[in-house]
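>>> predicted model and sequence below, questions to follow.
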Amino acid sequence: MAAPESECGGTDGYRDLRGVRVELDPGTARVGGGGGFAVSFWLYLSSSARPSSVILRQIAAGDDNKLPFLALGEGNKLLLFPLMRLHREAPGPASSYPWTHTTKLSSTSQCPLEKWFHIGCEVTENVMRLHLDGSLTAEASVCSLFDGPESQDDANQISLVGSDGKLEGYIYNIEVSSVLGNIKEQYTKNPPFKLSIDYSCSDGIEEGGDGIWNIVGGKASCRRNFILEVVLTNAFGAPVKDKEVVASLVYADDGTVVAKSRDDSEPPLLITCDGLEYAAITRPLPIIRGRALFKLKISQLSSKCDNKLFRIQFSTLHMQRYPFLEAYSKPIRCISRSRTVHPLGPGKRASSATVDETDLLNNGQGFVSADKVNGREHSMCLDAPMFPKIEGGMVKVVEAHKMVSQNKNARKVVVSKEAQNVMRTDSSTSNYDSFDSGSSWSGSDGDDGIETFSDAVVFRYCLDSTYDRLKFLRGAAPTVNKDDLVKLADQVSLYSGCSHHRNQILMSKRLLREGADTWNMISKNNERALWSSAIPEIITKFTNIAHSVSRGLSEQDVEVLRGIAGCGEDIGRDEFDRLWYWLYPVAVSLSRENIKKLWDCTTPRWIEGLITIEEAENALRSSRELLKEPGTFVLRFPTTRSWPHPDAGCLVVTYIGSDNSIHHRLLSLDSSDASAENLQDLLLQEPELSQLGRVDRLPTAIRR
């Protein structure tokens, strides 16, 4: 049996479908009727694939006719045709779509587009079989052209060639074998990769009604960070390691790279690494546990590029460029927002909604500034007659006198210059880690008429992104007193309608303090520390906060933490903070007695905890395509929700619904006794789960 021609393939095993050519030896299928051959490979079809597309054609030596061997039929179902010079039913030169009068095997399911799937074709003198993703999907008997032994010279001249250019697709790891029955084995080994974007982890992005992202960019004083996470997995959804991904800014219409204009000294796309900004194209990020988190900024405005839309293109390094190893964001309109604030003079009061105040709210500044005049600090006093209120997810404008207590003194805030730098989103500082966490707010210490947080601050917190809330709390929480932090938490909870915001604010002081102490212990005043020496201290802190003595963190849990941190053999402060902001809320949740009972119970294992969404979904499958019975569920902590996100530390139930698909539902544990004894009652509070009636069925251990 001849092997595939080496010149058709690349060093990474991927081939353009148009360049595929393999030689077959049909004579092996005629040895007493018991022989045969198998062709197996992974296939990736572009979105342009349509019924009538021929994937592989068969050619005989000395014959110019290219007849279909593998094609797409009605409903994009896969069709396998008998082999010429071997089967009487082989298609003739006049065969054409829809091949109504031609013998062929048809798959029972539709072939996916822009997704890898595995094909196996087994051919003998009397039987043909078609396999999809390792499972037999069609089988048919065929008639041989020969009733007895014949010369096999002609039969050795059959070739399979790829599409002639009308179909865009790619083949991976094509194998031709004279051994039958090993399609399943070939399917499970060495699957191909695919790069994608996990939009559930994005932050700092506003999406318009037209589906276009609006991102604030432009000059350094205005542009804002946004976060995107890319995922590199194999065809089975398992994470891929030891690869690098780079980001670049391209035009949405044609995919060409956005070039740096003559007037701009900065590259169009910037990435933040270790607190510094670099041209994104020069700083690839390593894929760790299948993921890489990008903190990006755009310096090029759409208005300077003929109002064109952009996209963020992610691509793998050290591999050839393929569509499945590239991922594109949604279309982006990069806009500029004025951040200019005109402070009122000392003692000057606003008796109506001023332009300055409106700009503070609309432009996302949200904070009242203070300046020093002649060496003395002056504050602005705002009566703020109008401000936004959150009700039922809608923003309404209400009169201030209906919301603010009738106090003789106007509500004021005095902000030090250092704290302004922490709070100001138009700071030229590129990363929150460069802020001084010791910057303080003055107030509530000697003046009973002064409150620390203004209404503008409260509502800005309600409306802002998780990233900006993080910056705010990092600068404010360490120095304000606990009473003021409680007031802020209560107000944010009231106006946002989400009590979980309150929990995140209240824990911020201790979270930041213990995080700093833990990092100092790990790093010993160095910039980086070895992961192997850092993780024992992290585990100790986790068990102390969670008050858990019977269950700690396993090796698999530690690998999940490494993936969240995004670090390799060593860890820096940025990476540690990313890990800590996820782990601390989880430990706080586990410190609650009712949740701790679930965590400590390992037979059955009620909470898997430190697993990714991919691992949870894979646990609910009995095979790649087949799901377990409806009602089967897994409890986990979402790895994509970190402090101060309101869902940080919450439990998620991943379950199979009555529609035989996988669902993810956040569990509210605030008012329930979530012990193992009544977990079923808690889950039945979820409307979709209550319809199943089988929520007591817990799957076996996922990895342990």
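Cool, got the structure.

>>> from here on, just use CA atoms for contacts and neighbour counts.
Fine.

>>> check which helix or strand residue 211 maps to.
If you go by DSSP states H and E, residue 211 is not part of any helix or strand.

>>> can you pull the contacts of it?
Contact analysis of residue 211 by Cα atoms under 8 Å, 6 or more residues apart in numbering lists 330, 331.

>>> can you give me the pLDDT of it?
Predicted confidence (pLDDT) for residue 211: 86.

>>> what residues are bridge-paired with residue 196?
Note on residue 196: beta-bridge partners by DSSP bridges are residue 231.

>>> for this structure, which spans come out with low pLDDT?
Applying pLDDT under 70 to the chain picks out residues 1-11, 27-34, 147-156, 262-264, 338-452, 623-625, 668-704.

>>> any idea which residue sits dead centre in it?
residue 198 (1.9 Å; Cα atoms, centre = their mean).

>>> need the contact list for that residue.
Residue 198 sits next to 228, 229, 230, 231 when contact means Cα under 8 Å, 6+ apart.

>>> show the contacting residues for the first one.
Under the criterion of Cα under 8 Å, 6+ apart, the contact list for residue 228 reads 197, 198, 199, 201, 202, 203, 293, 294, 295, 296.

>>> turn the residues you listed into CSV, columns for secondary structure and distance to residue 319.
Below are these laid out as CSV (DSSP: H, G, I helix; E, B strand; the rest coil; distance: Cα to Cα, whole Å):
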residue, secondary structure, distance to residue 319
197, strand, 19
198, strand, 22
199, strand, 24
201, strand, 26
202, strand, 26
203, strand, 29
293, strand, 20
294, strand, 20
295, strand, 23
296, strand, 23
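
>>> in TSV, list those along with distance to residue 606.
Output for the contacts of residue 228, formatted as TSV (distance: Cα to Cα, whole Å):
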residue	distance to residue 606
197	30
198	27
199	28
201	26
202	29
203	31
293	30
294	33
295	35
296	38
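
>>> now the buried members of the residues you listed.
Among the contacts of residue 228, the ones that count as buried by 16 or more other Cα atoms under 10 Å are 197, 202, 203, 293, 294, 295, 296.

>>> can you map out the helices along the stretch 51-200 of the chain?
Secondary structure of the stretch 51-200 of the chain (DSSP state H, counting those that start in this stretch): helices located at 183-188.

>>> show me which of the contacts of residue 198 are buried.
Neighbour-count burial (16+ other Cα under 10 Å) is assigned, among the contacts of residue 198, to 228, 229, 230, 231.

>>> quick check: phi and psi on residue 492?
When read as degrees, to the nearest 10, the backbone of residue 492 gives phi -60, psi -40.

>>> quick check: longest helix of this structure.
Assignment by DSSP state H gives helix 499-523 as the longest helix of the chain.

>>> quick one: distance of stretch 490-500 to the chain centre.
Centre-to-centre, stretch 490-500 and its host chain are 28 Å apart (Cα atoms, centre = their mean, to the nearest Å).

>>> pull out the buried positions in it.
Quick answer for stretch 490-500 (16+ other Cα under 10 Å): 490, 491, 492, 493, 494, 495, 496, 499, 500.

>>> export those residues to JSON lines and tack on distance to residue 577?
Conversion of those to JSON lines gives the following (distance: Cα to Cα, whole Å):
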{"residue": "490", "distance to residue 577": "26"}
{"residue": "491", "distance to residue 577": "27"}
{"residue": "492", "distance to residue 577": "24"}
{"residue": "493", "distance to residue 577": "25"}
{"residue": "494", "distance to residue 577": "29"}
{"residue": "495", "distance to residue 577": "29"}
{"residue": "496", "distance to residue 577": "26"}
{"residue": "499", "distance to residue 577": "24"}
{"residue": "500", "distance to residue 577": "21"}
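
>>> tell me the one of the residues you listed nearest residue 169?
Set against residue 169, the nearest of those by Cα to Cα is residue 500 (47.1 Å).

>>> right, and the closest one touches residue 492 too?
No. Between residue 500 and residue 492 there is no contact under Cα atoms under 8 Å: 9.8 Å.

>>> excluding chain neighbours, give the residue nearest to residue 45 in space.
Counting by Cα to Cα, 6 or more residues apart in numbering, residue 45 lies nearest to residue 169, which is 4.4 Å off, once chain neighbours are set aside.

>>> dump the residue contacts of the one you found.
If a contact means Cα under 8 Å, 6+ apart, then residue 169 has 16, 17, 18, 43, 44, 45, 46 as its contacts.

>>> could you measure from the first one over to residue 591?
The one in question is residue 16. From residue 16 across to residue 591, the span is 54 Å (Cα to Cα, to the nearest Å).

>>> and the third one, by the same measure?
Summarising the geometry, the distance separating residue 18 from residue 591, computed by Cα to Cα, is 59 Å.

>>> got the domain ranges for the chain?
Annotated domains of the chain cover 14-145+156-188, 193-336, 593-702 [the TED database].
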